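**Student:** here's a sequence, model it:
(2 chains)
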Number of protein chains: 2
Amino acid sequence: MITEHHLHSPIQPPRRTLMGPGPSDVSPSVLSAMASPTVGHLDPYFLQIMDEVQDMLRTIFHTTNELTLAVSGTGSAGMEACVVNLLEPGDKIVVCTNGVFGGRMADVASRIGAEVVQIERPFGEVFSVEEVAEVVKKEKPKVVGIVHAETSTGAAQSLKEISEVVHETDALLLVDCVTSLGGMPVKIDEWNVDAAYSGTQKCLSCPPGLAPVTFSSRALAAMDARKTKVSSWYLDMSMVRAYWGGSRAYHHTAPINMNFALHQALRLVLDEGMENRFSRHYANHCALKAGLQAMGIQFAVADDHQLPMLNAVKIPDGIDDATIRGQLLNWFGIEIGGGLGPMKGKTWRIGLMGESSQSSHVLLFLAALDQCLLHAGYQLTPGAGVAAANDFYRTTITD
Amino acid sequence: MITEHHLHSPIQPPRRTLMGPGPSDVSPSVLSAMASPTVGHLDPYFLQIMDEVQDMLRTIFHTTNELTLAVSGTGSAGMEACVVNLLEPGDKIVVCTNGVFGGRMADVASRIGAEVVQIERPFGEVFSVEEVAEVVKKEKPKVVGIVHAETSTGAAQSLKEISEVVHETDALLLVDCVTSLGGMPVKIDEWNVDAAYSGTQKCLSCPPGLAPVTFSSRALAAMDARKTKVSSWYLDMSMVRAYWGGSRAYHHTAPINMNFALHQALRLVLDEGMENRFSRHYANHCALKAGLQAMGIQFAVADDHQLPMLNAVKIPDGIDDATIRGQLLNWFGIEIGGGLGPMKGKTWRIGLMGESSQSSHVLLFLAALDQCLLHAGYQLTPGAGVAAANDFYRTTITD
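**Tutor:** Numbers count the residues shown, from 1 in each chain, chains lettered A, B, ... in the order given. Predicted structure coming up:
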């Protein structure tokens, strides 16, 4: 405990280039919107901002779902909001687990007394339509949960056909879009997704603190048919939606300034145009990949399901994970992520999310990694990574 | 749904003077800290900021409790964090309910299968030591929950003697300090409080989005002795404390910039000095009261348990609640709060919290209310409220 007269120093963060699994770099205009003067949570101006946030989230989720809003917590609170509102004790959920976040969804569901059936794939792999069809037919769950973009592994899961087999039964499809939203197509209505959650600090490039969610009319009907109250008061959508919707009934005090930030972040997404944004994410992923391959570094995920915004690569033999990440941070201010779960010490996770998906970030990272690897005695042709990435840019980018 | 090419206008909030039940006015230095560049949630710099936030929260809570931190949600998430970590299904909690927030605590507890016993006092009243002693002796609960500063009614609850009778049994004392922390003494250790939660947007004058909490070693022991997992994954303190504590194990991505804001808000509290801050809150409350009484407006709470930071007053007969609040907002940019629950339409809640507890706010509000009431045909001597408040300041404030 400090005394009153020994104050800590004011906030003055070091300069960082955020290329981990989130948070990503935040635009100065988003930081500036966040620093606008606070108004009341029932102020007519704030109610208008809530409407506009919902409106923009619907566009970005590609949905007309009325119940689309930002939960007042980080991405994991969005996950919990979806799970605890859709499930009652004794309800069955099938969770497709191929990484940390599928496992987390199963944990959240089990805590409220749901019956959890997990099907598993090794970290880095994805699920086939057939295996999901089989378990759904056998288990007849109320909800099937799956992760679109596994932040822990860098794997992209196709959803459209899985949604079809899920909906051959009465089940609801719940999708984790934390890392995909804003960086690759997330088509809630076209894919017939019943509930989805995301986070603000990945491809939306807003600081962490809010969790966009959306619920279909079928999900709404299931929630309206509940026999028990939602286990969480804070995340009970029957009350949260009254605040965000027509009646404006006070529930909790929303994080006003965080919503200001999200509003500006969503404006930037729409101003860029989503197709442009997705192309940018894909191009920088390809450039990074070309560079890494030229340095002899391999992806931990097969070519056909690599995420553009989260590049999981194998740490070369003989190279120490923590040493290199520490040097990237301390020498160059670059943050990348280590592996989670069974991938700890075995992979690096290089994020190219939102504002961090830039050719300048790709080149800087490759140049810095070059230096760190040479320092560690790794055999590579100095500059080969940067040269390969520049080759890619030169042949694909036009003014 | 909007198309990509019709952007909403950028964030540009109207100028407000926040004198409702929270959020309160936020210092520019807090907004500026919040707008500092985002760093990673495991960045050494952010880990240091987390330590410093904990350190300053301990000072402000008057505690040495190790488990003292900011939950990643608003005040109600702090309430839920305390309730769901302390209670398992079947555990008994006595909730002392004399307003909306006691009622909320009972609701939160009942949702996770706790046995809830409520004792009630009418809105605006407080509990005697004797009635708490009686119910505790009879019910032998695991937890007794009570609200220190009822934001819905403006009533201040004494805690020290109640804590003594609670601790004559094995019960744990859980206290809602959402509105009191930073504006009046909250002495966790001296009063032997086992768990407490607060919010950032009241007397700490930080935007909403975090919930300071603290747990005693007895509360920790009770949590360690749980037989079941905490119902909420997001709020499970056994994992949250590993992230805030020594192991730094990743749990969720903390709202980085919100913590920057809280850090600066706490620095301002300590820089002012807590005793000075409490005196300031009390003086402005007295000035407001003198002014309102001169205008013939009475408090809704008895003299001996009025909160300094939340002044609940009776709306005069024949005066329409919404009309006056609308005029205060639209003519003068002043936000005050209406009544909640049974007090809806009957009381106004005038906040003088943190940065909003200023003589200039008191005088502006009295002058503006004067105008609105005269416009409504209310009988009063124009300027009487301002004159009485100025009298108070003149006789008590020295340079």
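
**Student:** nearest spatial neighbour of residue A:278, chain-adjacent residues omitted?
**Tutor:** residue A:184 (5.6 Å; Cβ to Cβ, 6 or more residues apart in numbering or on different chains). Yep, even glycine has a C-beta here, placed from its N, CA and C like the rest.

**Student:** that neighbour against residue A:281, yeah?
**Tutor:** Yes. Using Cβ atoms under 8 Å, residue A:184 is in contact with residue A:281, at 6.5 Å.

**Student:** all strands of the stretch 51-200 of chain A, in order?
**Tutor:** A:67-71, A:92-97, A:115-120, A:143-147, A:149-150, A:155-156, A:172-176, A:195-197 (DSSP state E, counting those that start in this stretch).

**Student:** low-scoring stretches of the stretch 151-300 of chain A, by residue?
**Tutor:** For the stretch 151-300 of chain A, no stretch has pLDDT under 70.

**Student:** follow-up on the earlier one: which residues do residue A:184 and residue A:281 both contact?
**Tutor:** A:203, A:308-309 (Cβ atoms under 8 Å, 6 or more residues apart in numbering or on different chains).

**Student:** who wins on neighbours among those residues?
**Tutor:** With neighbours taken as other Cβ atoms under 10 Å in any protein chain shown, the top of these is residue A:203, carrying 36 neighbours.

**Student:** and that one, how far from chain B?
**Tutor:** 14 Å (Cβ to the nearest Cβ, to the nearest Å).

**Student:** quick check: that residue touching residue A:180?
**Tutor:** Yes. At 7.2 Å, residue A:203 counts as touching residue A:180 under the criterion of Cβ under 8 Å.

**Student:** so what's in contact with the two at the same time?
**Tutor:** residue A:309.

**Student:** chain neighbours aside, what residue packs nearest to residue A:25?
**Tutor:** Nearest residue to residue A:25 in three dimensions, chain neighbours excluded: residue A:355, at 4.2 Å (Cβ to Cβ, 6+ apart).

**Student:** please apply the same query to residue A:35.
**Tutor:** With sequence-adjacent residues excluded and distances taken as Cβ to Cβ, 6+ apart, residue A:35 is closest to residue B:35, at 3.7 Å.

**Student:** contacts only, for that neighbour.
**Tutor:** For residue B:35, the contacting residues are A:31-32, A:34-35, B:257, by Cβ under 8 Å, 6+ apart.

**Student:** who wins for most neighbours among those residues?
**Tutor:** Ranked by neighbour count (other Cβ under 10 Å), the contacts of residue B:35 have residue B:257 at the top, with 33 neighbours.

**Student:** quick revisit: next one, pLDDT for the residue nearest to residue A:35 please.
**Tutor:** pLDDT recorded at residue B:35 is 98.

**Student:** do I have it right that residue A:27 meets residue A:265?
**Tutor:** Yes. In this structure, residue A:27 is within contact of residue A:265 by Cβ under 8 Å, at 7.3 Å.

**Student:** how near is the residue of the stretch 1-150 of chain A found nearest chain B to residue B:271?
**Tutor:** Ranked by Cβ to the nearest Cβ, the top residue of the stretch 1-150 of chain A for proximity to chain B is residue A:35, at 3.7 Å. Per Cβ to Cβ, to the nearest Å, residue A:35 is found 20 Å from residue B:271.

**Student:** show me how far the helix or strand where residue A:390 lies is from its chain's centre.
**Tutor:** Using DSSP states H and E, the element containing residue A:390 is helix A:384-396. What separates the centre of helix A:384-396 from the centre of its chain is 28 Å, taken as Cα atoms, centre = their mean, to the nearest Å.

**Student:** which residues does that helix contact?
**Tutor:** Contacts of helix A:384-396 (Cβ under 8 Å, 6+ apart): A:283, A:286-288, A:290-295, A:359, A:362-363, A:366-367, A:369-370.

**Student:** quick check, pLDDT for the closest residue to residue A:176 other than its chain neighbours.
**Tutor:** Once flanking residues are discounted, residue A:176 sits nearest to residue A:147: 4.1 Å by Cβ to Cβ, 6+ apart. Per-residue confidence (pLDDT) for residue A:147: 98.

**Student:** contacting residues for residue A:147?
**Tutor:** Residue A:147 touches A:96, A:98-99, A:101-102, A:105, A:157, A:175-176, counting by Cβ under 8 Å, 6+ apart.

**Student:** looking at these, spot the one nearest residue B:8.
**Tutor:** Nearest to residue B:8 among the contacts of residue A:147, counting by Cβ to Cβ, is residue A:175 at 26.3 Å.

**Student:** count of neighbours near the residue lying closest to the closest one once chain neighbours are set aside?
**Tutor:** Excluding the flanking residues, the one nearest residue A:175 by Cβ to Cβ, 6+ apart is residue A:196, at 4.5 Å. For residue A:196, the neighbour count with other Cβ under 10 Å is 30.
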